Structures are given as C-alpha cells and as structure tokens.
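Novice: what would the 3D arrangement of this be:
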Amino acid sequence: MTSTAIVNKVWNFCHTLRDDGVGYGDYLEQLTYLLFLKMADEYSKPPYNRDTHIPKNFNWESLRGKSGAELESHYVKLLDELGKKTGMLGDIFVKSQNKITDPAKLHKLIQLIDAENWVLLGADVKGDIYEGLLQKNAEDTKSGAGQYFTPRALIQAMVECVRPEPMKTIADPACGTGGFFLAASDYLTSHHKLNKEQLQFLKYETFRGWEIVASTARLCLMNLFLHNVGDMDHESPIIRDDSLRATPEKGFDYVLTNPPFGKKSSTTVTNDKGEEKREALTYNRQDFWATTSNKQLNFVQHIRSILKVGGTAAVVLPDNVLFEGGAGETVRKELMRSTELHTILRLPTGIFYAQGVKANVLFFENRPASKTAQTKEVWIYDYRTNIKHTLKTNPLAFDDLKDFITCYNPPTGTSGRQRGARNHPKAVGASTPTPISSPATRPASTSSG
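Specialist: Residues are numbered from 1 along each chain as shown. Next comes the predicted model:
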C-alpha cells in the first residue's frame, strides 16, 4: 500500500472511535503507543534481534493474544509499567492513559496495526505516514494541535536559507512535533554525501529539543523515531521541560524554531484556600537582558543565550517583537548589539492554524563581544503586502518562497543579496518594520535588496 493509502486506512478508523468520545489527539496518542510496540516487536526478531528493553509480559505479543475486558485491563497496566522505564521507551509512555474504552475497538486497532510490517517500510514512507497523521490532527481545529504544527513549506524554506552543515548541532527550544528537525535531516542527507561518522552524528548527536507538553513531546519522539533519528537504546533527543528555565551547559550551532504564540508566560498557583489561578511567569536569569513575562521576548533572549558564537538562528516571531516598547525595546537593542540581525521575512496572515497571526522570520548570527553594534543593516523581504493565503483553499507552498530563498542565498558568482519581486523598496512600502530599533542603536541603513 502507498503511504497515503495507509494514512487513510489508519485515520478513517478514528471516525469510529469519535462516536465513543475519542478525539483526534487522543487517537493519535494511542496510535503512537501501539506503533512503537509493534515496531519494537519487529526489531526484536531476525534479522535484527535487538534488545528493546520491553518486558515480555508487556510487549506486542501480549496484546495480540487478548480481547475483551482482559485486553482492556492488560493495556492499562502495560501503559503504566512502560511509563516507568528510562530512555526513549519511558519518554514515549510517560503519563500515558488508555482513551479507548471499548475493548472491541481497541482490539480492532491492534489488528489494523498488526497487518503492516512497519520496519520493512522505508524511513521516508513511515515518516510520511506519521506526518500525514500529524497534519490531519493539526487541521482539526477542536484539538488545538495546530499550535504545535508549523507549516512545512515555511520550515523547509527556513532550512534552505540556513543551509545546515554536517557534524553541527541544531536546537529547537519549542520543538512541537519535530518539524524543524526532520526538515534539517532531509536537507543534510540530500545535499551532502554523508560518511558513516556523519550519519551516526546525525542520528544521535545533531538534534536537541525541548517540549513542555508531555503528549506533544511523545508525538515528536515518535516522529523522529520513524524518520530514523535516535533509537530505543540511546538518550532521548527531546527534553520534556520548559526550555526557558535555564541555559543548557553547551551551546548549539543552529537554532531553528517557532516559539508558541501568546504574549504572556503564565503558571498555575494554588492559594491558602486550595484555589488555583493563573499568574504571569517571569524568568530571573542573569543571562537575560530584561525581566519580563512576555513569552516571545524571553524566547529571543534564550535563543541568543544557547547559540554558539558564529551560530545561526532562524526564528518565527510575531509583530509585537519588532514594535513593542519597554522590555521589547531593550531586547531589540541588545539583540542588534550582540548579533548580526541581517534578515527579516515578513509573513502574511492565513498560513498558521492560529487565525490572524502576523508573524515574521528573523535570521541572525551570534557574534563575539564588541564595543559597536554587530548589526549594521537589515535586509527586509515583504511577503505580506497584497498576499492572501488560507489553510484550505490557498495554503502556503514551498514554491511561494522560492524567490525569497534565491534572494537570501544569491547564486555563486553574484555579489550580495539579489533584488526580487517582494524586496524592492516600492513593494516594501509602509510595511517595513521601521521601529525595530531605537535611534541610539538604529543600523546604518535598512536594506531592501
């Protein structure tokens, strides 16, 4: 069967489960548990004969031989026991729960997955299947999963601009379902003939992500696993935590990310009466330029902190980061002083699952300490004015951003950034984000090409 056919086959069963109140997100989680167990079972047999660290009484075979109430109770115990394990196994099953209350339908889903030999499917096919399921989940507005799903066309364009190199590290402090990692992995394997050492580094050392939502972190892990990034025997590349809590011990060569929308960070606080309420959350970090509860400004500061000197960042950020005063102005001043903020891509509305979002992609490189500001000019590409996209009828496509990529990385033999249809001064017009810096730190010129 083609990957599309398998996606439709597996996904269509969700409609049956929805009658029992199982939403898309819950269904995808159950698929993740069962797919992982099925693939572990396949790897434990010849010719692989791998030790999957899954106890025999809680492996795939233990599910196949049961039905009815016995299957349901065993599945609940299985999820609980495997969630106590370490490594990728524990990270996949941590806090897992059975959301399929009808044992007959659980048995049907197990049969559905058992009918395919998943290991024999290439990484591309397995990855396409799971990515297809994640996309369907993101398209369901009720699930809210769209906030963790950046348009793949935008991700691919950002990676094509940054051009990651082998044996370099890539971080995403808000990794969602892992889209940036997979696009970077595809770029590295398609643009470089990797030797054995480089392939091992790509599989185990290249990526490091943080995801605060446990259910999303497990989807990310499964997505990476199906794309041949990481495996059951090594440390998980995904950390289930708030990445803003502290600076990692080591820096990274690249940061590719789309931090969560919403201006304020918050936390749940319980008072003396046992009542819970949300309070603004600030991070008192010595490496931050400003103390603020503004989520995006905190991510900007954090990204600069985790970026090696000479490292490159490509970050999706809302308009408020370019215009806001107070802490926003302080962060912009320091960012332009300490990094070379050389490019801003202005994005249109209608490309994200959160409606009406006005966002940009900021590209900057971390520079050594200097008495003068590292940013001398900013090149702005306006892909917003007179551009209309919708998720269903006119979604953003990779071809839409090809002109930007060509302008960003001019052909060999040409000098400097190339003028394109959208970065000509007349096209930029009033949408140029002129308040990006204060007069004291304003770059010498704002370039349009």
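
Novice: measure stretch 334-354 end to end?
Specialist: By CA to CA, to the nearest Å, the extent of stretch 334-354 from end to end equals 29 Å.

Novice: and that stretch, how far out from the chain's middle?
Specialist: How far stretch 334-354 lies from its chain's middle: 17 Å, per CA atoms, centre = their mean, to the nearest Å.

Novice: same thing with stretch 399-414?
Specialist: Relative to its parent chain, stretch 399-414 has a centroid offset of 24 Å by CA atoms, centre = their mean.

Novice: can you check which helix is longest in this structure?
Specialist: Assignment by DSSP state H gives helix 24-43 as the longest helix of the chain.

Novice: all helices for the stretch 251-400 of the chain, in order.
Specialist: 295-306, 320-323, 327-338 (DSSP state H, counting those that start in this stretch).

Novice: so of the ones you listed, which one's packed in deepest?
Specialist: helix 295-306 (a mean of 24; mean count of other CB atoms under 10 Å). Quick note: C-beta positions are derived from backbone N, CA and C, even for glycine.

Novice: how far off centre is that one?
Specialist: Its chain's C-alpha centre and that of helix 295-306 lie 16 Å apart, by CA atoms, centre = their mean.

Novice: swap in stretch 27-37?
Specialist: On CA atoms, centre = their mean, the centre of stretch 27-37 falls 19 Å from the chain's centre.

Novice: so how many other residues sit close to Lys77?
Specialist: Lys77: 14 surrounding residues under other CB atoms under 10 Å.

Novice: correction: Lys358
Specialist: Neighbour tally, Lys358, other CB under 10 Å: 14.

Novice: where does the prediction get shaky in this protein?
Specialist: Applying pLDDT under 70 to the chain picks out residues 1-3, 7, 15-16, 19, 140-148, 262-280, 412-449.

Novice: rewinding a little: now distance to Leu396 too, for the helices of the stretch 251-400 of the chain, in a markdown table please.
Specialist: Compiled in a markdown table, those are given as follows (distance: least, CB to CB, whole Å):
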| stretch | distance to Leu396 |
| --- | --- |
| helix 295-306 | 21 |
| helix 320-323 | 21 |
| helix 327-338 | 26 |
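
Novice: buried ones in the helix or strand that the longest helix of the chain is followed by?
Specialist: Moving toward the C-terminus from helix 24-43, the next helix or strand (DSSP states H and E) is helix 60-64. By 16 or more other CB atoms under 10 Å, the buried positions in helix 60-64 come out as 60, 62-63.

Novice: give me the beta-bridge partners of Ile344?
Specialist: Using DSSP bridges, the beta-bridge partners of Ile344 come out as Leu362, Ile380.

Novice: that one reaches Phe364, doesn't it?
Specialist: No. Look at Ile344 against Phe364 with CB atoms under 8 Å: they stay out of range, at 9.6 Å.

Novice: when those two are compared, which one has more neighbours?
Specialist: More crowded of Ile344 and Phe364, by other CB under 10 Å: Phe364, with 27 against 22.

Novice: and that one, what does it touch?
Specialist: By CB atoms under 8 Å, 6 or more residues apart in numbering, the contact set of Phe364 is 312-313, 335, 339-343, 375.

Novice: 6 Å instead?
Specialist: Going by CB atoms under 6 Å, 6 or more residues apart in numbering, Phe364 touches 313, 339, 341.

Novice: and for the second one, the neighbour number?
Specialist: Using other CB under 10 Å, Thr339 has 24 other residues around it.

Novice: how about it, nearest residue that isn't a chain neighbour?
Specialist: Nearest residue to Thr339, sequence neighbours excluded (CB to CB, 6 or more residues apart in numbering): Phe364, at 4.4 Å.

Novice: how close does the one you found get to Thr4?
Specialist: As judged by CB to CB, to the nearest Å, Phe364 and Thr4 stand 39 Å apart.

Novice: same question for Gly65.
Specialist: On the measure of CB to CB, Gly65 and Thr4 end up 32 Å apart.

Novice: same check, this time on Asn360
Specialist: 34 Å.

Novice: which of these two has more neighbours?
Specialist: Asn360 (22 against 11).

Novice: that one contacts Arg346, doesn't it?
Specialist: Yes. The pair Asn360 / Arg346 is scored as a contact, 5.5 Å apart, by CB atoms under 6 Å.

Novice: for Thr177, what are its contacts?
Specialist: 134, 148, 219-220, 223.

Novice: of those residues, grab the buried ones for ChimeraX.
Specialist: ChimeraX command restricting the contacts of Thr177 to the buried ones, with burial defined by 16+ other CB under 10 Å:
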select :134,148,219,220,223
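
Novice: done for today, thanks.
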